[in-house]
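Engineer: Sequence first, predicted model second:
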Amino acid sequence: METARGKVIRSWSAQGGASAPRIVGGHGCHFQDAEGRSYLDFSSQMVNANLGHSCASVQDAVREQVGAGATLGRPWDLAVVHELADRLAEVTPGDLNTMFFAGSGAEANEAAIRLARARTGRSKVIARYRSYHGSSAGALSVTGDPRRWHGEPGVPGVVRMLDPYTYRCPAGHPSPCPVCSGGPHLEELLQYEGPENVAAVIVEPVTGSSGVVVPPDGYLRSLRETCDRHGIMLIFDEVMTGFGRTGTWFACDRWDVVPDILTCAKGLTAGYVPLAATAVSDRLTDWLADSVFPYGLTYSGHPVACAAAVAALDVYRRDGLIERAAALGPVIESHLRRLADRHPSIGDIRGSGCFWGLELVRDRTSREPLVPFNPDATAAEPMRRFSAAAFGAGLYVLTNGNVALIAPPLIISDAELEEGMAVLDKALSVADEYTTP
Ligand code: PMP
C-alpha cells in the first residue's frame with residue numbers, strides 16, 4: 001500500500017503471509033473474516049477464548065468499567081483489583097493467596113522467577129526443553145523450545161531438564177524411567193548444579209504449545225518432594241492450562257500438587273482484555289512480611305482487565321464450565337480415537353478436558369514425526385497443508401511442529417464438536433498422504 005507520503009507500507013500480516021485472512025468478528029465458537037466466511041474455532045484462538053467470542057457478561061463488565069473509570073491507575077488502591085485478588089484466591093489451589101497482576105503470561109513468569117530468586121537468594125532456574133514461558137528476556141530464557149534460539153544467550157543461570165514425554169521416552173516408558181518419574185532426573189541434575197544454587201524449577205504441569213505433554217501420575221508430586229528437600233521454589237506455569245482448560249480449575253488440581261508460585265493469564269479474562277496473575281503461597285508472602293516486593297508495571301491490575309476477569313470467573317462458576325470441560329474430555333477423546341481408526345497419520349492422542357494434542361506421524365510403528373520438531377518452511381509443508389485444508393473448510397486449528405491443538409472454547413456444543421470433527425476428518429486425509437503405506 002502506498003501512503004500520502006509516498007511510503008510503501010508492508011502489511012503487518014508479513015507474520016502470517018500475504019494471503020492471511022482478515023478476521024473481523026466472532027460469535028460463540030465461530031469467527032468471521034472480511035469476506036463473510038465463518039470458521040469454527042477449535043483452538044480458542046491462542047487457547048485463551050475459553051468463553052467463546054461473545055460472552056455478554058464479560059462484554060458488559062468491560063463496558064461498565066470503561067464508564068466507571070478506565071484510567072484509575074494505582075492498582076493497590078483500586079476496589080476492583082482487591083475484588084479480583086480475593087475471587088482468584090477462592091479458586092487457586094492450596095495457599096496461593098497473594099496475587100501480583102501483570103499484562104501478559106511472560107510478565108507473570110518474570111515476576112515468578114524474580115520472587116523465587118529473591119526468596120532463596122539463589123540464581124539458577126531449572127526449566128524443561130518442551131516448554132514455552134513467554135517472549136520477554138527472562139521468560140524466553142527459561143523457554144526450552146526453539147522459539148528461544150533467537151534470544152540466546154539470554155538471561156544467565158538457566159539449566160534444562162528433559163520432559164516426561166512418554167510417547168517418545170528414550171528409556172522406553174513405562175519401565176521405571178528417571179525422566180518420566182520427575183524427581184530422580186531432577187535429583188541427578190541437582191548433583192551437578194548444586195541444590196544450594198538453584199532458586200526454582202519452572203514447568204507447565206501439562207505442556208501447552210510445545211506438544212501437549214501430559215505427565216504420568218506421580219510426576220508433579222515427585223518434583224514437589226524433590227524441591228522441598230532442597231528448599232527450591234516450584235513454579236507452575238498455568239498460563240495456557242488454567243481456568244478449566246484441562247477439566248479442573250488448574251491442571252495441577254488433577255494431581256493435587258500445589259506449587260509455591262502459579263502463573264496464569266489467557267483464560268483469566270477468557271481473552272477479552274490482556275491480564276495475567278502470579279499467585280504466591282502464604283509461605284512466601286510471610287517471608288515478605290510488611291516489606292513491599294519491588295515489582296510493578298503501569299498496567300499491573302488495569303481496572304478494565306480486572307473487571308473482565310471478575311466477570312469471567314463468575315461465568316465459569318455460574319455456567320458450571322469447569323465441570324462441562326471435564327465432561328467434554330471423554331467426548332473429545334472418543335471423537336479423536338475414531339479419527340485415529342481412519343487416519344494413519346495420527347500417532348498419539350493426549351490430553352484431558354478441552355485440551356488435546358494430536359501428534360501426527362509418517363509412520364505409526366517408527367513414530368517418525370510428520371514434520372521435525374523445528375521445521376524450516378519446506379519441511380513444515382505437510383502440517384501447513386493440513387491446517388490450510390482445515391481452515392479452507394471452515395475450521396481453525398492451531399499447530400506447532402507436528403502437533404495440532406484441539407482446544408475449543410469450554411462452551412462448545414456437542415453439535416459444534418461433531419461439525420469440527422467432520423472437517424478434521426477431511427483435513428487429516430491431507431496428512432495421510434505423507435504416511436508410509
Ligand atoms: N506460558 C505459557 C504456557 C504460554 O502458553 C504462553 C503463551 N502462549 C505464555 C507463557 C506467554 O504468555 P503471553 O503470550 O501472554 O506473554
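Structural biologist: Arrived safely, thanks for sending.
Engineer: who touches stretch 216-225?
Structural biologist: 164, 166, 173-174, 180-184, 186, 201, 203, 205, 234, 252, 255, 257-259 (C-beta atoms under 8 Å, 6 or more residues apart in numbering). In this view, the C-beta of every residue, glycine as well, is placed from N, C-alpha and C.
Engineer: let's see 7 Å
Structural biologist: 164, 166, 180-183, 186, 201, 203, 205, 234, 252, 255, 257 (C-beta atoms under 7 Å, 6 or more residues apart in numbering).
Engineer: which two from these end up farthest apart in space?
Structural biologist: Pairwise distances across those (C-beta to C-beta) peak at 21.2 Å, for the pair T166 and L234.
Engineer: Comparing these two, which residue is more hemmed in?
Structural biologist: Neighbours were counted for T166 and for L234 using other C-beta atoms under 10 Å; L234 has more, 24 against 19.
Engineer: Tell me how far the helix or strand harbouring that one lies from the chain's centre.
Structural biologist: Using DSSP states H and E, L234 sits within strand 233-237. On the basis of C-alpha atoms, centre = their mean, to the nearest Å, strand 233-237 sits 14 Å off its chain's mean C-alpha point.
Engineer: Which strands and helices lie in contact with the helix or strand just after it?
Structural biologist: Following strand 233-237 in sequence order, the next helix or strand is strand 261-264 (DSSP H and E). With contacts taken as 3 or more C-beta pairs under 7 Å, 6 or more residues apart in numbering; DSSP states H and E, strand 261-264 sits against helix 105-120, strand 233-237, strand 276-281.
Engineer: okay if I get the ones you listed as a markdown table plus distance to the ligand and mean pLDDT?
Structural biologist: Shown next, in a markdown table, are the helices and strands packed on strand 261-264 (distance: least, C-beta to the nearest ligand atom, whole Å; pLDDT from 0 to 100):
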| stretch | distance to the ligand | mean pLDDT |
| --- | --- | --- |
| helix 105-120 | 2 | 96 |
| strand 233-237 | 5 | 98 |
| strand 276-281 | 6 | 98 |
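Engineer: before we move on, back to that, could you check the angle strand 276-281 makes with the strand holding L234?
Structural biologist: 150 degrees (axes from the mean of the first three to the mean of the last three C-alpha atoms, to 10 degrees).
Engineer: Please export the C-alpha coordinates of strand 233-237 as CSV.
Structural biologist: Taking Å, rounded to 0.1, in the frame of the first residue of the first chain, the C-alpha atoms of strand 233-237 are listed here in CSV:
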residue,chain,number,x,y,z
MET,A,233,10.7,-22.9,44.8
LEU,A,234,8.4,-24.9,42.5
ILE,A,235,6.7,-22.7,39.8
PHE,A,236,3.8,-23.9,37.8
ASP,A,237,3.1,-22.0,34.6
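Engineer: for the chain, longest strand please?
Structural biologist: Using DSSP state E to define each element, the chain has its longest strand at strand 355-363.
Engineer: partners of that one in the sheet?
Structural biologist: Neighbouring strands of strand 355-363 in its sheet, by DSSP bridges, are strand 346-352 (antiparallel), strand 368-369 (antiparallel), strand 403-406 (antiparallel).
Engineer: Quick check on T166: phi, psi?
Structural biologist: Dihedral pair for T166: phi -60, psi -30, per degrees, to the nearest 10.
Engineer: Name all residues that make contact with it.
Structural biologist: Applying C-beta under 7 Å, 6+ apart, we find T166 in contact with H173, C180, P216.
Engineer: tell me the phi and psi of the first one?
Structural biologist: Main-chain torsions, H173, degrees, to the nearest 10: phi -50, psi 140.
Engineer: That one and P216, how far apart?
Structural biologist: Between H173 and P216 the distance is 7 Å, computed by C-beta to C-beta, to the nearest Å.
Engineer: list residues touching both of these two?
Structural biologist: Both H173 and P216 are in contact with T166, C180, where contact means C-beta under 7 Å, 6+ apart.
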